[in-house]
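J.: heads up, no residue letters with this:
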DNA sequence: GATGTATATAAACATAAGCTTATATAATGA
DNA sequence: TCATTATATAAGCTTATGTTTATATACATC
């Protein structure tokens, strides 16, 4: 039990992995999207994801040649986390360390539809 | 904010420090008592305590030549922890990894009074 | 089937982290 | 004062961790 707790805490106690979890808590993302968002090398993302997978903190879904990841809510809430709510729920504006990352996140191709939708809605609203 | 979170998680993601916190959550202890309970070297205890102190996870109280430590409830609950309740509140019997440590803990000189008291109570009860 | 894209993995390296042994500092007590 | 006890710190060592670069694998598309 302690071993698993330590493993999870170790997995969480790393800035890059914490950032990855932050984004995966908002939206399912693939390696290439995380690579783009965080602006780090693809192997670096893959290796961190590997650590998170081993602890059960993220779940994987394969679609064609892509691997999508999302946070494992059960583990994140139940096992050790819960207190990260403050961090995970905090507004992006309250996380200055991730300003650039958030900017790139919003510019992802997969988020363009949403933005287009919002644009439409805005027009409709007017 | 992320930095502090990472620091706390790193401090927590180490079995010896987690054990130290477990004991300090139950009772204020000095270095020499922790050394005895965990059966590890005194410098090792001091070095781990240093890490915990830097993150604010434990508070220090000096009395004569001894330094007593206790968990900083505010940090432990508020900042990042809360989910450790399960671990910290779990019965010693549910933590087989710390069986020997608990045995030595109960045999601390500072705990003898309590045991004597219990013995008296038992005699009185009979 | 060749090319490109997505991901994983391996090798090499640098740094960090944890441990032991030795020693320093400080307070206590005979 | 000298020996003892409690704690901190430093040096040296070993292992773990995170990163880059290079390469392998698998799927997709032309």
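T.: Nice, thanks for sending it over. Quantities reported herein were computed from a predicted structural model and do not represent experimental measurements.

J.: Residue A:70 in helix, strand or coil?
T.: With DSSP: H, G, I helix; E, B strand; the rest coil as the basis, the three-state label of residue A:70 is strand.

J.: For it, which non-adjacent residue is closest in space?
T.: Distance criterion Cβ to Cβ, 6 or more residues apart in numbering or on different chains; nearest residue to residue A:70, sequence neighbours excluded, is residue A:28 at 4.4 Å. Just so you know, the C-beta spots here come from the backbone N, C-alpha and C atoms, and that holds for glycine as well.

J.: Is the one you found in contact with residue A:68, as I believe?
T.: Yes: with contact defined as Cβ atoms under 8 Å, residue A:28 reaches residue A:68; the gap is 4.9 Å.

J.: Which neighbours do the two have in common?
T.: Counting by Cβ atoms under 8 Å, 6 or more residues apart in numbering or on different chains, the shared contacts of residue A:28 and residue A:68 are residue A:61.

J.: Just give me the neighbour total for the residue nearest to residue A:70.
T.: Neighbourhood size, residue A:28 [other Cβ atoms under 10 Å in any protein chain shown]: 16.

J.: Quick check: it vs residue A:20, distance?
T.: In this view, residue A:28 and residue A:20 are 12 Å apart by Cβ to Cβ, to the nearest Å.

J.: Do you have the strands of chain A handy? List them.
T.: Here chain A has its strands, by DSSP state E, at A:29-30, A:58-63, A:66-71.

J.: most neighbours per residue, which of the ones you listed?
T.: Greatest average neighbour count among the strands of chain A goes to strand A:29-30 (a mean of 22), per mean count of other Cβ atoms under 10 Å in any protein chain shown.

J.: Now do that one: everything it contacts.
T.: Applying Cβ under 8 Å, 6+ apart, the contact partners of strand A:29-30 are A:23, A:37, A:66-70, A:110.

J.: The residue nearest to residue A:12 when sequence neighbours are not counted and residue A:59, how far apart?
T.: Excluding the flanking residues, the one nearest residue A:12 by Cβ to Cβ, 6+ apart is residue B:9, at 4.7 Å. Separation of residue B:9 from residue A:59 (Cβ to Cβ): 21 Å.

J.: Low-confidence ranges, chain A, go.
T.: Low-confidence regions of chain A, defined by pLDDT under 70, span residues A:1-2, A:76-126.

J.: How about the residues of it by DNA strand D?
T.: Residues of chain A lying close to DNA strand D by Cβ under 7 Å from any atom of the strand are A:10, A:14, A:16, A:40-41, A:43-44, A:47-48, A:51, A:64-65.

J.: between those residues, which is closest to chain B?
T.: In terms of Cβ to the nearest Cβ, no member of these lies closer to chain B than residue A:10, at 3.7 Å.

J.: give me every residue that touches the nearest residue to that closest one once chain neighbours are set aside.
T.: Nearest residue to residue A:10, sequence neighbours excluded (Cβ to Cβ, 6+ apart): residue B:13, at 3.7 Å. Residue B:13 makes contacts with A:6-13, as judged by Cβ under 8 Å, 6+ apart.

J.: Among those, which one has the most neighbours?
T.: Neighbour-wise, the contacts of residue B:13 (other Cβ under 10 Å) top out at residue A:12, 26 neighbours.

J.: you'd agree that residue is up against residue B:8?
T.: No: if you go by Cβ under 8 Å, residue A:12 and residue B:8 don't touch, sitting 9.7 Å apart.

J.: re the thing from before, now render the strands of chain A as JSON lines, adding distance to residue B:55.
T.: JSON lines is the format used below for the strands of chain A (distance: least, Cβ to Cβ, whole Å):
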{"stretch": "strand A:29-30", "distance to residue B:55": "30"}
{"stretch": "strand A:58-63", "distance to residue B:55": "26"}
{"stretch": "strand A:66-71", "distance to residue B:55": "24"}
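
J.: now, which of the contacts of strand A:29-30 sits nearest DNA strand D?
T.: Set against DNA strand D, the nearest of the contacts of strand A:29-30 by Cβ to the nearest atom of the strand is residue A:66 (8.6 Å).

J.: Good, wrapping up.
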